[in-house]
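Chemist: here is my input, please return the structure:
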Amino acid sequence: MPKMAQVYVAVKYRADHSNRRIVAEISDAFEACGITTVCVERDFEHWGETAFTPGELMRLAFEAIAASSAVVVEFTEKGVGLGIEAGYATARGVPVFVVHKPGADVSTTLRGIAKEVFEYADAGSLAAAARAIAARIPSLDP
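Modeler: Residues are numbered from 1 along each chain as shown. The predicted model follows:
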């Protein structure tokens, strides 16, 4: 039986969890394509209910990235952790895709490792980006 595709969702960490909506929108867009998602803040930290040491948190993130078919970096807002996750994925051979809202300053280095960069303005264009990414995930090729 083929392994179901999983996308690791990397988002800028927010102590107040105000990024919950974008995590849900990204997850919904991929789940509509038949792809599960994993996000550290949602799935491991349970929106702040569970705490890990920095080392444990990175171990969990790296294990999830290694088990994923692709990494999707939401890069509307820059973050050091996003670069670490994208770099680790690239080193492991896991394709990286970037999504961002209009006006975001996506760095040259992130563009250099990304398979593709998608701008989205709303849930509809985010869903279109998810469909395009799903079509490019190697494990889903016909």
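Chemist: phi and psi next, for Val7.
Modeler: Main-chain torsions, Val7, degrees, to the nearest 10: phi -110, psi 130.
Chemist: just give the number of residues close to it.
Modeler: 28 (other Cβ atoms under 10 Å). In short, each C-beta sits where N, CA and C put it, glycine included.
Chemist: for the remainder of this discussion, apply numbering that starts at 130.
Modeler: Sure, I'll start counting at 130 from here, so that last one is Val136.
Chemist: Leu239 is in contact with Glu203, isn't it?
Modeler: No: between Leu239 and Glu203 there is no contact under Cβ atoms under 8 Å: 11.7 Å.
Chemist: so which of these two has more stuff around it?
Modeler: Glu203 (24 against 20).
Chemist: name the nearest residue to that one, ignoring sequence neighbours.
Modeler: Nearest residue to Glu203, sequence neighbours excluded (Cβ to Cβ, 6 or more residues apart in numbering): Val140, at 4.7 Å.
Chemist: next one: Ala144
Modeler: That would be Gly177: by Cβ to Cβ, 6+ apart, it lies 7.8 Å from Ala144.
Chemist: can you classify the one you found by secondary structure?
Modeler: Following DSSP: H, G, I helix; E, B strand; the rest coil, we place Gly177 in the coil state.
Chemist: distance of it from His146?
Modeler: 6 Å (Cβ to Cβ, to the nearest Å).
Chemist: what's the burial count for Val167?
Modeler: 19.
Chemist: wait, doesn't it sit right on Ser197?
Modeler: Yes: judged on Cβ under 8 Å, Val167 makes contact with Ser197 at a distance of 6.8 Å.
Chemist: which neighbours do these two have in common?
Modeler: Gln135, Val136, Tyr137 (Cβ atoms under 8 Å, 6 or more residues apart in numbering).
Chemist: element containing Ala153, please.
Modeler: Element membership of Ala153, judged by DSSP states H and E, is helix 149-160.
Chemist: run through the neighbouring helices and strands of the helix or strand following that helix.
Modeler: Downstream of helix 149-160, the next assigned helix or strand under DSSP H and E is strand 165-167. Counting contacts by 3 or more Cβ pairs under 8 Å, 6 or more residues apart in numbering; DSSP states H and E, strand 165-167 packs against strand 135-139, helix 149-160.
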